[in-house]
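> What follows is a predicted structure for the sequence shown.
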Amino acid sequence: MADEEKKRYKPVPFSKGFFDDWFSNPFALMGRSSRAMQEFFNEGFAMPSIDIKDTDSSFIVKADMPGMDKKDIKIKATKDELVIRADKSSESEERGKDYYMKERASSGYYRAIQLPGEIVPNSAKATYENGTLRIELKKVKELQGSDVKVE
């Protein structure tokens, strides 16, 4: 094959790696597809990296979301899920003698997190500092059982 022909044809990106991954770890592909699906449905939004710390009484979630303002962040907590969303947009306009320039930009983050246990949704407390969002969610207290006497 001539050099010019080689330049025209590009290899299929998943041809070899796809099957290598499938045979070595078929479940690895599931993670890739779920990330791709989330990115597809949340088009235009980045998925922030998160850490979840499990303490005796709460879950502490930290999410990296640089470039946002506190007012741009919306958080929703249910008994077993946390949804984080942030939208930011800006617009600038410049006029000169011989030109006109108008630019718009937008960015955002979205992440739905299945929590490892139940929480009290209205107990959530959030802070945002230096690009990191920190949310503390109080766990539901387990019901204490009691002995029952058979009569």
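Structure's in. What do you need?
> Once you drop chain neighbours, what's closest to residue 50?
residue 63 (4.8 Å; Cβ to Cβ, 6 or more residues apart in numbering). Where you see a C-beta, it was placed from the backbone N, CA and C, and this is true even at glycine.
> neighbours of the one you found, just the number please.
25 (other Cβ atoms under 10 Å).
> Just the helices from the chain, written as ranges.
For the chain, the helices defined by DSSP state H cover 3-8, 15-24, 28-41.
> and the last one, what's its mean pLDDT?
Along helix 28-41, the predicted local confidence has a mean pLDDT of 50.
> related to what we said a few turns ago, report the beta-bridge partners for the residue nearest to residue 50.
residue 50, residue 133 (DSSP bridges).
> Where does the prediction get shaky in this structure?
1-44, 142-146 (pLDDT under 70).
> In contact with the residue nearest to residue 50: list those residues for me.
48-50, 84, 109, 111, 132-133, 135 (Cβ atoms under 8 Å, 6 or more residues apart in numbering).
> are any of the residues you listed buried, and which?
Listed as buried from these are 48, 50, 84, 109, 111, 133, 135; burial here means 16 or more other Cβ atoms under 10 Å.
> now, which of the contacts of residue 63 sits nearest residue 102?
Nearest to residue 102 among the contacts of residue 63 is residue 109, at 25.6 Å by Cβ to Cβ.
> one step back: save the buried ones among the contacts of residue 63 as JSON lines, and put in distance to residue 97 too.
Conversion of those to JSON lines gives the following (distance: Cβ to Cβ, whole Å):
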{"residue": "48", "distance to residue 97": "44"}
{"residue": "50", "distance to residue 97": "50"}
{"residue": "84", "distance to residue 97": "46"}
{"residue": "109", "distance to residue 97": "40"}
{"residue": "111", "distance to residue 97": "47"}
{"residue": "133", "distance to residue 97": "45"}
{"residue": "135", "distance to residue 97": "51"}
